[in-house]
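J.: structure for the following, please:
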Amino acid sequence: MYSWEQRKLSDISTKVTTKNVDVHYTETLTNSAEQGIISQVDFFDKEISNKDNINGYYIVDNNDFIYNPRISTLAPVGPINRNKLNRTGIMSPLYTVFRSSNVDLGFLEWYFQSSHWHRYMKLNGDSGARADRIAIKDSTFFEMPIKIPVNIKEQVLIGEILEKFNQYITLHQQEPFLCGNSINGGVKLC
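T.: Coordinates of the predicted model:
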């Protein structure tokens, strides 16, 4: 049996502070509670940012995590998602971008899909002037406690199992379900 330990987010992650000062990157990303990390153009069907205002945006590499402080029904303390687009983009400084190491990224991604970290955010964040956003200092955010298996192999296994369950559920949600009533000896689809 493997053991678990409590770590701080700062033990396994660092804030990304590299800005797009030379405007090398132009694809602005957004963090949607429902869709995860997605191109801003795909999400809003138009450009929100432009070359005149993206030099202060953070550079987001593949596998970086992004915290969006905007709260919603699906994300009551804002979502944290991982950039799995296989490309680098940029993100507004309104978001917190962080890079993780010494932890399985799949495990960490599933951790942030859970609600285990919500209590910490509710106790340490503040809705402040805007009721639709959580305001939390970076230093407080990175003090967030996270329980993780000590053994990296167990982290990988947990991440893989949860991903397989998710794929299984998604597959079965896409299948039409069958009704018990038959039409001409066949099965009636509902």
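J.: where does the prediction get shaky in the chain?
T.: 1-2, 42-50, 127-130, 174-190 (pLDDT under 70).
J.: can you pull out the helices in it?
T.: Under the criterion DSSP state H, the chain contains helices at 9-12, 40-44, 105-113, 118-124, 138-141, 152-174.
J.: these: which one's closest to Arg87?
T.: Nearest to Arg87 among the helices of the chain is helix 40-44 (12.8 Å), distances taken as CB to CB. The way it works is simple: take the backbone N, C-alpha and C, and place the C-beta from them, glycine included.
J.: Val23: which of the helices of the chain is closest?
T.: So among the helices of the chain, helix 40-44 is nearest, using CB to CB, at 15.5 Å.
J.: contacting residues around the residue nearest the centre of the chain?
T.: Central residue of the chain (CA atoms, centre = their mean): Asn81, 1.1 Å from the mean position. Residues near Asn81 by CB atoms under 8 Å, 6 or more residues apart in numbering: 31-32, 36-37, 65-66, 68, 109, 112.
J.: so can I have a markdown table of the helices of the chain showing mean neighbour count and distance to Ala75?
T.: As requested, those are exported to a markdown table (neighbours: other CB atoms under 10 Å; distance: least, CB to CB, whole Å):
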| stretch | mean neighbour count | distance to Ala75 |
| --- | --- | --- |
| helix 9-12 | 18 | 17 |
| helix 40-44 | 15 | 15 |
| helix 105-113 | 19 | 10 |
| helix 118-124 | 14 | 9 |
| helix 138-141 | 14 | 15 |
| helix 152-174 | 13 | 17 |
